[in-house]
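Trainee: Mind looking at a prediction? Sequence and model below.
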Amino acid sequence: MIEDIKKKSAERMKKSIDALKQEFTKLRTGRASAGLVEPIRVEYYGSPVPLSQVASVVVEDARTISITPWEKTMVQPIEKAILASGLGITPNTAGTAIRLVMPPLTEERRKELVKLAHKTAEHARVAVRNVRRDGMETLKTMEKDHKITEDEHRKRSAEIQKATDEFVKSIDDTLAAKEKETMHV
């Protein structure tokens with residue numbers, strides 16, 4: 001029972017870090033990434049579908065993303081979806097291939113992106129701390145109901161705190177890597 005609490009807490013903390021990494025792929029740095037176009041939805045026969053379901057997305061080089069629709073008729077809807085997405089990138093179309101060239105970021109924009117990354121990381125830290133709080137409350141309830149001893153409660157609380165510290169350090173490391181990538185010219 002107690003091991004389940006520890007295991008579930010660790011799994012939920014890991015999910016918070018995975019969500020952080022997913023959010024970081026959506027942050028535009030000066031470098032091309034397929035994750036930038038992942039959230040874009042395209043009208044396909046009347047319903048919005050992810051871009052990856054109507055075209056192949058390939059990162060050609062450090063600054064270029066190439067999108068090749070599987071149907072020629074999808075070029076216009078894909079262009080329209082990219083323009084409407086708010087990425088701030090104008091698609092270049094040559095026949096059926098669409099290219100997105102990442103413009104270099106200004107120093108000011110890089111600093112804004114780093115601030116946004118810090119906010120996103122803080123949300124992940126809060127999520128990890130909320131998981132810790134839930135685990136601690138469960139242990140406290142178990143002690144109150146005499147299912148575990150006070151010593152067992154202290155021991156398991158320390159284990160949950162140790163896991164929390166490790167996950168927060170992982171978040172900080174991920175943030176530092178993203179900050180370095182964003183500020184690199």
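Mentor: Yes, it's here. Keep in mind that what you see is a predicted model, and the values were worked out from it rather than measured.

Trainee: Model confidence for the residue in the chain sticking out farthest from the centre, exactly?
Mentor: Centroid-distance maximum for the chain: H146 at 40.8 Å, with Cα atoms, centre = their mean. Here, the pLDDT recorded for H146 equals 88.

Trainee: go on, R28?
Mentor: Here, the pLDDT recorded for R28 equals 67.

Trainee: again, but for the one 3 residues further on
Mentor: The confidence metric pLDDT takes the value 73 at R31.

Trainee: That one: neighbour count?
Mentor: Close neighbours of R31, defined as other Cβ atoms under 10 Å, add up to 15. In this view, the C-beta of every residue, glycine as well, is placed from N, C-alpha and C.

Trainee: Quick check: buried residues in the top helix by length along the chain?
Mentor: In the chain, with assignment by DSSP state H, the single longest helix is helix 107-144. Judged by neighbour count (16 or more other Cβ atoms under 10 Å), helix 107-144 contains these buried residues: 110, 113-114, 116-117, 120-121, 124-125, 127-128, 131-132, 135-136, 138-139, 142-143.

Trainee: how about the residue farthest from the centre of the chain, secondary structure?
Mentor: coil (DSSP: H, G, I helix; E, B strand; the rest coil).

Trainee: Distance of it relative to A94?
Mentor: Distance of H146 to A94, given as Cβ to Cβ, to the nearest Å: 73 Å.

Trainee: now swap in H184 and tell me
Mentor: H184 is 30 Å from A94, by Cβ to Cβ.
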